[in-house]
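In: this one's structure only:
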């Protein structure tokens, strides 16, 4: 395994100088973001940190699969031979923080100026609505991947733009609005994405 | 689809008398239980009811699968060609009720006099402990299938017997104890298993 700095960049030992081209040895000079991790990986790491410190128990749900055919070979594990991906009927993450129910979905966009609402499905928004109705704390974590910026956006704000869209409104939320209504989450060493700091402001 | 009474028994229209043997026309005379549903099916139904009445949002998590090989045929859905079942690192059910985080696992036993602790895995018990530490409401729903009796058993009580077992104690919990410390849940029409009534006593 390559040794990496906390910011995710490989530690250049200089041992592979002979075989490496100048390009592959180039080290990006930024200290923030650009870790090459997906938002999902960043959140899983953050959740592992929160779990290890007994701050919160939040997990990503497994991907729902429709299993069609399973083989049970002798003396080895059951093998799924035919299965299909199913649409999730809920959001991807949930758990408990300070006794409260936490429920959110994570979405990445390559767009630099706005967040397309098509990233959400109707059933996910409906699930969030039900959770809010029952006292849960719901939100979206939105990452503008090109800008390496992450925001927590309250479900109640999301519902507003979602409903407006359904009544002929815009199909996306301007980044300015997300900056104003949402909570910017700055990358940190541990947890990578300290989103519970923003949740503290919601409670 | 066969028409069924609320207790799950088929409505005998008498139309198929000619083709049916006396045995297949026999209708079990009990009004409770014996619906031929697994505890999981009963809980899923109950959760659907709670969701439809906006009482709680509680879902069973998808089974965790390790996907190894996926085919992407042209003009049709991606097909998983090789995958394996993974051990769940959490319990099966979680969600929100009255703003509180709910987390539980459902276990069936054919045993009539005691509940074998081997039904639980160490990591499930550890997960419940973490949830309780963070203010979640955790429990087990235990069904004695032969007796058709269902109990809610608090996680804190489960921890007691689990830890005792790890220190050389008994490998099962006597049914008497479950009756005394747990909450008996009587089958009802809707929800099938009204377990949130028992949760009300925990809150």
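Out: Thanks, I have the structure now. What you are looking at is a predicted structure, and each value in this text was computed from that prediction instead of being measured. Residues are numbered from 1 along each chain as shown, chains lettered A, B, ... in the order given.
In: contacts, neighbours, all on C-alpha from now
Out: OK.
In: In contact with residue A:152, which residues are there?
Out: Listed by Cα atoms under 8 Å, 6 or more residues apart in numbering or on different chains, the contact set of residue A:152 reads A:139-142, A:182-185, A:195, A:198.
In: Inside helices: which ones of those residues?
Out: Mapping these onto helices (DSSP state H) picks out A:195, A:198.
In: Ranking by neighbours, what's the top pick from the contacts of residue A:152?
Out: Using other Cα atoms under 10 Å in any protein chain shown as the neighbour test, the contacts of residue A:152 are led by residue A:139, with 24 neighbours.
In: so it sits right up against residue A:94, yeah?
Out: No. With contacts counted by Cα atoms under 8 Å, residue A:139 stays clear of residue A:94, the gap being 10.6 Å.
In: what residues are shared contacts of those two?
Out: A:103-104.
In: hmm, back to that, just name the closest of the contacts of residue A:152 to residue B:191, please.
Out: residue A:139 (29.3 Å; Cα to Cα).
In: on contacts alone, who are the packing partners of the longest strand along chain A?
Out: Using DSSP state E to define each element, chain A has its longest strand at strand A:100-109. The helices and strands touching strand A:100-109, judged by 3 or more Cα pairs under 8 Å, 6 or more residues apart in numbering or on different chains; DSSP states H and E, are helix A:39-52, strand A:93-97, helix A:122-133, strand A:137-144, strand B:100-109.
In: Please identify the deepest-packed of those.
Out: Compared across the helices and strands packed on strand A:100-109, strand A:93-97 shows the largest average neighbour count, a mean of 25 (mean count of other Cα atoms under 10 Å in any protein chain shown).
In: follow-up on the earlier one: for residue A:114, which of the helices and strands packed on strand A:100-109 is the nearest?
Out: It is, among the helices and strands packed on strand A:100-109 and with distance given as Cα to Cα, strand A:137-144, at 8.8 Å.
In: partner strands of the closest one, parallel or antiparallel?
Out: strand A:100-109 (parallel), strand A:149-154 (antiparallel) (DSSP bridges).
In: about what we covered before: tabulate the helices and strands packed on strand A:100-109 in CSV, adding columns for distance to residue B:174 and mean pLDDT.
Out: Putting the helices and strands packed on strand A:100-109 into CSV (distance: least, Cα to Cα, whole Å; pLDDT from 0 to 100) gives the following:
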stretch, distance to residue B:174, mean pLDDT
helix A:39-52, 33, 97
strand A:93-97, 31, 98
helix A:122-133, 37, 96
strand A:137-144, 39, 98
strand B:100-109, 12, 97
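In: Give the buried residues for stretch A:78-86.
Out: A:79-84 (16 or more other Cα atoms under 10 Å in any protein chain shown).
In: got the contact list for it?
Out: A:63-73, B:77-85.
In: if we can go back for a sec, return the subset of the buried residues of stretch A:78-86 lying in helices.
Out: Going by DSSP H, the helices hold none of the buried residues of stretch A:78-86.
In: would you list those residues in JSON lines and tack on pLDDT?
Out: As requested, the buried residues of stretch A:78-86 are exported to JSON lines (pLDDT from 0 to 100):
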{"residue": "A:79", "pLDDT": "94"}
{"residue": "A:80", "pLDDT": "95"}
{"residue": "A:81", "pLDDT": "95"}
{"residue": "A:82", "pLDDT": "95"}
{"residue": "A:83", "pLDDT": "95"}
{"residue": "A:84", "pLDDT": "94"}
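In: Chain A against chain B: which residues are in contact?
Out: A:51, A:54-57, A:61-65, A:77-85, A:94-101, A:130-131, A:133-136 (Cα under 8 Å from any Cα of the partner chain).
In: Name the residue most distant from the centre of chain A?
Out: residue A:74 (39.5 Å; Cα atoms, centre = their mean).
In: Check the secondary structure at that one for me.
Out: At residue A:74 the chain is in coil, as set by DSSP: H, G, I helix; E, B strand; the rest coil.
In: Please report how far it lies from chain B.
Out: According to Cα to the nearest Cα, to the nearest Å, residue A:74 stands 15 Å off from chain B.
In: next one: phi and psi at that residue?
Out: phi -60, psi 140 (degrees, to the nearest 10).
In: Report pLDDT for it.
Out: Listed pLDDT for residue A:74 reads 86.
In: From residue A:65, how far out is it?
Out: Residue A:74 sits 24 Å away from residue A:65, going by Cα to Cα, to the nearest Å.
In: what is the orientation angle of the longest strand of chain A with helix A:39-52?
Out: 160 degrees (axes from the mean of the first three to the mean of the last three Cα atoms, to 10 degrees).
In: what's the distance between strand A:100-109 and the middle of its chain?
Out: Taking Cα atoms, centre = their mean, to the nearest Å, one finds the center of strand A:100-109 at 7 Å from the center of the full chain.
In: And for stretch A:58-75?
Out: With Cα atoms, centre = their mean, you get 23 Å for stretch A:58-75.
In: tell me how far the ends of that stretch are from each other?
Out: First residue to last in stretch A:58-75 (Cα to Cα) measures 35 Å.
In: Residue B:76 versus residue A:80, what's the distance?
Out: Counting by Cα to Cα - residue A:80 and residue B:76 are separated by 19 Å.
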